[in-house]
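Asker: Here is a sequence together with a model predicted from it:
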Amino acid sequence: PGAKRTDRMKTVRVLLLVSLCVAAWAQPPANPADARGRLRVSALLAEGRPVKIACFGDSITGVYYHTGRRRSWCDLLGIALARIHPQARIEMINAGVSGNDTGAALKRMENDVLRHAPHLVVVMFGMNDVRALAPVDFRNNLESIVRRARDRGAEVILMTPNAIGPDDPVRPPARLVEYAEIVRDVGREQELP
């Protein structure tokens with residue numbers, strides 16, 4: 001029990017850090033001349049206009065067992081954004097489903113994400129893709145997710161998958177690094193944070 005609690009606390013700290021990093025992308029620049037390349041959603045938040053943010057991923061996005069069923073990083077992101085933008089009206093949509101890879105995500109994207117007409121979709125997949133999909137399929141699916149979100153007018157942030165442990169035989173760290181690099185490549189190619 002003590003080791004599990006320690007692991008959960010580490011996970012919660014990592015998820016909080018992830019949420020704060022994503023929230024930093026949504027802060028308006030101090031100087032309006034620095035606004036180029038910033039998310040449009042940051043202006044909506046600063047103006048106190050309604051904003052819908054969909055967090056799209058697997059069990060790490062959903063609350064599930066990673067935090068002892070307490071809070072998801074989606075919740076933490078909403079809390080961080082509300083602290084940065086107390087005037088904002090933020091609706092957080094947690095579209096995390098345990099066991100999902102990007103192939104399954106594409107099948108449910110319309111119902112779980114796009115029907116909500118989010119302003120921003122924060123995408124975090126890779127953990128299950130590592131064990132289920134070839135790198136080229138992961139890349140193609142990720143590009144499709146980005147394209148479908150943008151086609152509906154949503155901005156997109158891509159998040160890299162995190163390691164579970166150094167000795168994970170199902171998700172070896174070296175393979176996970178390869179998938180994280182695919183996320184970074186797609187982000188660079190699509191000019192996404």
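Answerer: Received it, and whenever you're ready, just let me know what you need. Here the structure is a predicted model, which means the values were calculated and not measured. Numbering: from 1, shown residues only.

Asker: For the rest of this, base every contact and every neighbour count on C-alpha atoms.
Answerer: Will do.

Asker: residue ranges with poor pLDDT in the chain?
Answerer: Along the chain, the model assigns pLDDT under 70 to residues 1-37, 64-69, 165.

Asker: So which residues of it form strands?
Answerer: Along the chain, counting by DSSP state E, strands occupy 50-57, 89-96, 120-124, 155-159.

Asker: Report the buried residues of stretch 113-121.
Answerer: 113-114, 117-121 (16 or more other C-alpha atoms under 10 Å).

Asker: could those residues go into JSON lines alongside distance to Ile84?
Answerer: Output for the buried residues of stretch 113-121, formatted as JSON lines (distance: C-alpha to C-alpha, whole Å):
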{"residue": "Val113", "distance to Ile84": "24"}
{"residue": "Leu114", "distance to Ile84": "26"}
{"residue": "Ala117", "distance to Ile84": "23"}
{"residue": "Pro118", "distance to Ile84": "20"}
{"residue": "His119", "distance to Ile84": "18"}
{"residue": "Leu120", "distance to Ile84": "17"}
{"residue": "Val121", "distance to Ile84": "19"}
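
Asker: what's around the closest residue to Met92 other than its chain neighbours, how many residues?
Answerer: Of all residues not flanking Met92 in the chain, Ile53 sits nearest, at 5.1 Å (C-alpha to C-alpha, 6 or more residues apart in numbering). Residues near Ile53, counting by other C-alpha atoms under 10 Å, number 25.

Asker: who's in contact with Ile53?
Answerer: Neighbour list for Ile53: 90-93, 118-122 [criterion: C-alpha atoms under 8 Å, 6 or more residues apart in numbering].

Asker: just Arg70 next, same as before
Answerer: Contact analysis of Arg70 by C-alpha under 8 Å, 6+ apart lists Val63.

Asker: ok, now how distant is it from Arg148?
Answerer: For Arg70, the distance to Arg148 equals 31 Å [C-alpha to C-alpha, to the nearest Å].

Asker: Kindly report the same for Leu114.
Answerer: 8 Å.

Asker: cool, and Thr61?
Answerer: In terms of C-alpha to C-alpha, Thr61 sits 20 Å off from Arg148.

Asker: So the two - more neighbours on which side?
Answerer: Neighbour count, other C-alpha under 10 Å: between Thr61 and Arg148, Thr61 has more, with 25 against 16.

Asker: Hmm, Ala95 and that one touching each other?
Answerer: Yes. In this structure Thr61 lies within contact range of Ala95 using C-alpha atoms under 8 Å: 7.4 Å.

Asker: joint contacts of the two?
Answerer: Common neighbours of Thr61 and Ala95, using C-alpha under 8 Å, 6+ apart, are Cys55.

Asker: Show me the helices in this structure, by range?
Answerer: 2-25, 40-47, 73-84, 102-112, 129-132, 135-151, 173-190 (DSSP state H).

Asker: need those in JSON lines with distance to Thr160, can you?
Answerer: Formatted as JSON lines, the helices of the chain follow (distance: least, C-alpha to C-alpha, whole Å):
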{"stretch": "helix 2-25", "distance to Thr160": "10"}
{"stretch": "helix 40-47", "distance to Thr160": "21"}
{"stretch": "helix 73-84", "distance to Thr160": "14"}
{"stretch": "helix 102-112", "distance to Thr160": "13"}
{"stretch": "helix 129-132", "distance to Thr160": "12"}
{"stretch": "helix 135-151", "distance to Thr160": "11"}
{"stretch": "helix 173-190", "distance to Thr160": "5"}
